[in-house]
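Colleague: 3D model of this:
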Amino acid sequence: MLGPSASEAQVASVRQTLELDKPLTTQFIHYIARVATLDFGHSFVDGRPVGPEVRKKLSLTAILASITTALIAIYLVAAMTLEGVGRWSWLSEAIAFFCVSLPTLFSGVIVALAAVVYYPYTRFSGSLATVDDWLYLLPAALVLALYPIGILTRIAKAQMHKVFDAEYVRAARARGLSRGTLLRSYILRNSLVPLLAAFGNQLPLLLTSTFIVEIIFSVPGIGALLLKSVMERDLPMLEGIVVATSLLTIGVSLLLDLLYPLADPRIRKQNAT
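Modeller: You can find the predicted model right below:
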């Protein structure tokens, strides 16, 4: 923090400020108490409080991830609907293969270059104060959505065929229900739980990809802050980023677990018994 030319008095003063002169047990207890209140101290580089800075950047990353999730959901609903009515099967398979095959770094660079030339919304104020700011995030969200779309489309297609061959669906077809009614009442809802579980498994990869894509598209989110903190060896900032992103991942995973009973009431009945 002080550099190689610091005096012993300066070193002693900083050690006292950081409580490094106290026993390890005392340091650990105080550290846990601060982390429990999301107090990670101040940046080694410019003295900014770590907590507010991480919250500000993480909120932008969360918004980008939310837009990505919305794009994934829209595509999956459209693909599953068209798959259910017997159309678009080969095209959805081709799109899934294309999305899985593209590395995020490569697709991010290609989309970023195309956006610079053809996309009109290439300026970002950093505060999401205008519609242009929200539209600026769309190319980055599209890149983030490609790989999950490829994986989830294949899972959705396999699950739909599995549900369509189930006995209760065959019985409903024998009663004369239309394919659209079967799709709405049976197939889509019963295919939802495996999709939620698969999306939960994609969360860590999605978060890691977000760091990369933010740097490519110059989005001032947690990814840019992470890279800056690594380059500057800003340990308190890095600590705050790791803990905050871990809590975010755990929270979203917990939310998905809570959604399972809503998607499939049988899970709620099993938990009750």
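Colleague: least trustworthy helix or strand in the chain by mean pLDDT?
Modeller: helix 265-272 (a mean of 60; mean pLDDT, DSSP states H and E).
Colleague: got the residue ranges for the helices in this protein?
Modeller: Along the chain, the stretches classed as helices by DSSP state H are 8-17, 24-36, 50-84, 89-101, 104-118, 131-136, 138-164, 167-174, 179-182, 188-190, 192-216, 222-232, 235-263, 265-272.
Colleague: Now do the first one: everything it contacts.
Modeller: This points to helix 8-17. 1-2, 21 (Cβ atoms under 8 Å, 6 or more residues apart in numbering). The way it works is simple: take the backbone N, C-alpha and C, and place the C-beta from them, glycine included.
Colleague: could you check the distance from the nearest residue to residue 138 once chain neighbours are set aside over to residue 44?
Modeller: Of all residues not flanking residue 138 in the chain, residue 67 sits nearest, at 7.1 Å (Cβ to Cβ, 6 or more residues apart in numbering). Separation of residue 67 from residue 44 (Cβ to Cβ, to the nearest Å) stands at 33 Å.
Colleague: again with residue 139
Modeller: In terms of Cβ to Cβ, residue 139 sits 34 Å off from residue 44.
Colleague: Please apply the same query to residue 75.
Modeller: 43 Å.
Colleague: Kindly report the same for residue 118.
Modeller: 42 Å.
Colleague: Repeat that for residue 25.
Modeller: 24 Å.
Colleague: Counting neighbours, go ahead and name the busier of the two.
Modeller: Between residue 25 and residue 44, counted using other Cβ atoms under 10 Å, the more crowded position is residue 44 (19 against 8).
Colleague: Give me the below-cutoff pLDDT ranges for the stretch 51-200 of the chain.
Modeller: 83-89, 178-180, 184-186 (pLDDT under 70).
Colleague: can you do 50?
Modeller: Within the stretch 51-200 of the chain, not a single segment meets pLDDT under 50.
Colleague: Could you check the pLDDT of residue 238?
Modeller: Looking at residue 238, its pLDDT reads 90.
Colleague: thinking in terms of the whole chain, how far from its middle is stretch 208-220?
Modeller: Taking the mean of its C-alpha atoms, stretch 208-220 sits 12 Å from the chain's own mean (Cα atoms, centre = their mean, to the nearest Å).
Colleague: Buried residues in it, which are they?
Modeller: Of all the residues in stretch 208-220, those buried under the rule 16 or more other Cβ atoms under 10 Å are 209-217, 219-220.
Colleague: what's the most distant pair in those?
Modeller: Greatest spacing in the buried residues of stretch 208-220, by Cβ to Cβ: 209 and 220 (17.1 Å).
Colleague: what about residue 107, how many residues close to it?
Modeller: Counted with other Cβ under 10 Å, residues neighbouring residue 107 total 20.
Colleague: picking that back up, tell me which of the buried residues of stretch 208-220 is nearest to residue 242?
Modeller: residue 211 (11.8 Å).
Colleague: quick one, what contacts the closest one?
Modeller: Taking Cβ under 8 Å, 6+ apart as the test, what residue 211 contacts is 222-223, 226-227.
Colleague: top of those residues by neighbour count?
Modeller: Busiest of these [other Cβ under 10 Å] is residue 222, holding 29 neighbours.
Colleague: Report the contact partners of it.
Modeller: By Cβ under 8 Å, 6+ apart, the neighbours of residue 222 are 54, 57-58, 60-61, 210-211, 214, 241, 244-245.
Colleague: ditto for residue 127
Modeller: With Cβ under 8 Å, 6+ apart, residue 127 has these contacts: residue 133.
Colleague: Residue 229 versus that one, what's the distance?
Modeller: 21 Å.
Colleague: Highest mean neighbour count out of the helices of the chain?
Modeller: helix 138-164 (a mean of 20; mean count of other Cβ atoms under 10 Å).
Colleague: Any figure for the gap between residue 118 and residue 197?
Modeller: In terms of Cβ to Cβ, residue 118 sits 37 Å off from residue 197.
Colleague: what does residue 44 give?
Modeller: 41 Å.
Colleague: what about stretch 157-166, distance to the chain center?
Modeller: Distance, centroid of stretch 157-166 to centroid of chain: 28 Å (Cα atoms, centre = their mean).
Colleague: now stretch 132-148
Modeller: Counting by Cα atoms, centre = their mean, stretch 132-148 comes out at 12 Å from the chain centroid.
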